[in-house]
Structures are given as C-alpha cells and as structure tokens.
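In: Provided below for reference: sequence and predicted model.
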Number of protein chains: 2
Amino acid sequence: MPDAQRWQAGIRATRKRVLVLDVLLAQDRPITTKQVYDELSRRGQPIALTTAYRAVSSLVAAGLVHVFSQAGEATYRACGPTRHHHLICRDCGLVVEQEEEGRPDGFTVEAVYGICASCARGQQQAGS
Amino acid sequence: MPDAQRWQAGIRATRKRVLVLDVLLAQDRPITTKQVYDELSRRGQPIALTTAYRAVSSLVAAGLVHVFSQAGEATYRACGPTRHHHLICRDCGLVVEQEEEGRPDGFTVEAVYGICASCARGQQQAGS
DNA sequence: CACGTCTTGACAATGGTTTTCATTTTCTAC
DNA sequence: GTAGAAAATGAAAACCATTGTCAAGACGTG
C-alpha cells in the first residue's frame, strides 16, 4: 500500500476499515457491529471486536456510513454522500432511501421510523 | 386508594406507576428512566431503579407513554392516545407531535428524527 | 379476614459499547 | 529506503443501561 489513502474528514483508509466498509456495502439493510465482526471471521479476515466498533464509528464520522438505533443497539449501513434520508421499518428492518423533500417547518429529516406496508399487512417481509 | 384503578390494557394504576407518569407528564421532552428515578428522589418519593424501568415499560404497554431511542438509550414521553407521530430533534431533544398524514407508499410513520430549524441555525435550543 | 395475584425492591447477571495500554501500521520527512 | 511521529489495532478490563431472580409487601376479590 504505497500512497496515503484517505476518505473525507481526513480519516485513513486502512486495511481493516476497508474490510468493514466492504461488508457494509454488501448488505441491503443495517447490521450490527457484531454482525460485521462475524462476517469478517467467516470470510477469513478476522478483526478484533474492539476494532470493528472503532471502524464503524470512523466510517460514520467520515460520512460513508449511517447509524440507526433499533431496539437498544446500533446498526450501520453504507451510504453515498448524496442528500437523502431513510424510511426504516421497525419490523423487518427494510430501509428505503428517499430524496430530501424539505419541510415547511424547516425540520431537516434524517430518519423516519415506522412500519412498512408489507409488515402492516402481517406478511412479514423477509427479515435478516 | 379505595378501588381498582386501571388504565387500558388492564394494567393497574399503582402508586409507583402514577408517580412515574406524573414525572413524565411534567416534561416537555423525552427523558431517560434514570432521570425519572432521580426526579422522584428529588421529590422525596424514592423508587427503586428496577421498578422505574418496569413502570415506564408498563406505561408504554398501556399506550400512555411513547419510547424513543436516542444515542443508545431509551427515553420516554407521556402521550395521549390520539393517532400521531413525532418529530424529534437529535440535537436539542425537542419533540413536536404531528397529525397522521398517510404516505403513498403505505409506510406508517411512527417517529421522524432530524434537526429542528433552530438547531440547524446553530442556535442550540434550550437543551434539558 | 384470607387467599391468590401482581408489584416492589435489592442484588446479581447480561450484553452492547468504550477505555486502557502496549504493540503494530501507516504516513511524512529526510 | 529508513527513521520518527501519529494513528490504528488487539486483548482485557471497565462501563453502563437494562433485565432477571427471588423474597417480601400491597392490592383486590370472595
């Protein structure tokens, strides 16, 4: 690894952080730090749990990943830098990105929690 | 307390639970269980922390209180039974109730997290 | 009043997350 | 390249919100 690889916010693109980001990019819904850790073990690229926690945290700081907090634990999801917010289903964890709409009251929406149409019908969406 | 006082869902309106609800009703933004506990101690009506946790949990089950999760911990707020959701400011904790609007995609909104106009301007709203 | 049930409190246990500190990587300068 | 400074990593311990356990107490009914 010759040159200095950096992302926004000046954080280094280290080997471990890249591995963590790879895992997050491969998911279609937010996952926990423990799940990132497990996935890397499964891939034969083990990482210390502590490091996994620090990695997701750095990625969030760099704006590459979004945090969600569901049921007492934080979940993470890789996200582009485009202005958007998310609809998160409390039941199945499904996440839908939405264009920024802008509200008359000046409130800047970051995340919208609720129940998606499928779950509302009781047809449990394919949960993780 | 002569008769059996009950709220919806068949939970009893016990002395402790009423105390906890009183504290929550007196707040203008969500607070943690520990804060409920501290406030009751200050009022000379001490409660076991365990009991405080169980009380807020019962009140949520009874539909009298809403839970929010901010920064890894749960916060609670007394709420009427009317259909509505909330706008919660991640910075100052301000909560604004909103009428149910109904979305074209069938998503049922429960909570909207973001930044309120004041905080966006950097004029930190009076935090707790 | 007496019994059965739900609630309370003290304490231990859990589980996600953070801290500490020594070691290793990575970046920049020479 | 190589040296030195700064940042990242790993292992273990520390933290802290929350939940479980169990005995004692309050409540409500018959």
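Out: Received it, and whenever you're ready, just let me know what you need.
In: counting contacts, what elements does the helix ranked longest in chain A pack onto?
Out: In terms of residue count, the longest helix belonging to chain A (DSSP state H) is helix A:49-61. If contacts are counted by 3 or more CB pairs under 8 Å, 6 or more residues apart in numbering or on different chains; DSSP states H and E, helix A:49-61 sits against helix A:15-25, helix A:33-42, strand A:65-70, strand A:73-78. Where you see a C-beta, it was placed from the backbone N, CA and C, and this is true even at glycine.
In: Any buried residues in the second one, and which?
Out: Going by neighbour count (16 or more other CB atoms under 10 Å in any protein chain shown), the buried part of helix A:33-42 is A:Thr33, A:Gln35, A:Val36, A:Tyr37, A:Glu39, A:Leu40.
In: residues in contact with that helix?
Out: A:19-20, A:23-24, A:31, A:46-47, A:49, A:52-53, A:55-56, A:74, A:76 (CB atoms under 8 Å, 6 or more residues apart in numbering or on different chains).
In: what's the closest non-adjacent residue to the residue nearest the centre of chain A?
Out: For chain A, the residue sitting closest to the mean C-alpha position, by CA atoms, centre = their mean, is A:Arg77 at 1.3 Å. Leaving aside its sequence neighbours, A:Arg77 sits nearest to A:Pro30 (CB to CB, 6 or more residues apart in numbering or on different chains; 4.2 Å).
In: Low-confidence ranges, chain A, go.
Out: For chain A, the stretches with pLDDT under 70 are A:1-5, A:8-10, A:123-128.
In: sorry, back to before: is any part of the longest helix of chain A close to DNA strand C?
Out: Yes. Interface with DNA strand C: helix A:49-61 contributes A:Leu49, A:Thr50, A:Tyr53, A:Arg54, A:Ser57 (CB under 7 Å from any atom of the strand).
In: Tell me the buried residues in that helix?
Out: Of the residues in helix A:49-61, A:Thr51, A:Ala52, A:Tyr53, A:Ala55, A:Val56, A:Ser58, A:Leu59, A:Val60 count as buried by neighbour count, 16+ other CB under 10 Å.
In: what does the lengthiest strand in chain A contact?
Out: What stands out as the longest strand in chain A, according to DSSP state E, is strand A:108-115. Here strand A:108-115 makes contact (CB under 8 Å, 6+ apart) with A:66, A:68, A:85-91, A:98, A:100-101, A:103, B:85, B:90, B:107-116, B:120.
In: Tell me which helix or strand comes right after that strand.
Out: Toward the C-terminus, strand A:108-115 is succeeded by helix A:117-120 as the next helix or strand (DSSP states H and E).
In: what helices or strands is that next one leaning on?
Out: Here helix A:117-120 touches no other helix or strand, going by 3+ CB pairs under 8 Å, 6+ apart.
In: Pull out the buried positions in that helix.
Out: By 16+ other CB under 10 Å, the buried positions in helix A:117-120 come out as A:Ser118, A:Cys119.
In: for stretch A:95-112, same thing?
Out: A:Val95, A:Phe107, A:Thr108, A:Val109, A:Glu110, A:Ala111, A:Val112.
In: same deal with stretch A:75-82?
Out: Going by neighbour count (16+ other CB under 10 Å), the buried part of stretch A:75-82 is A:Thr75, A:Tyr76, A:Arg77, A:Ala78, A:Cys79.
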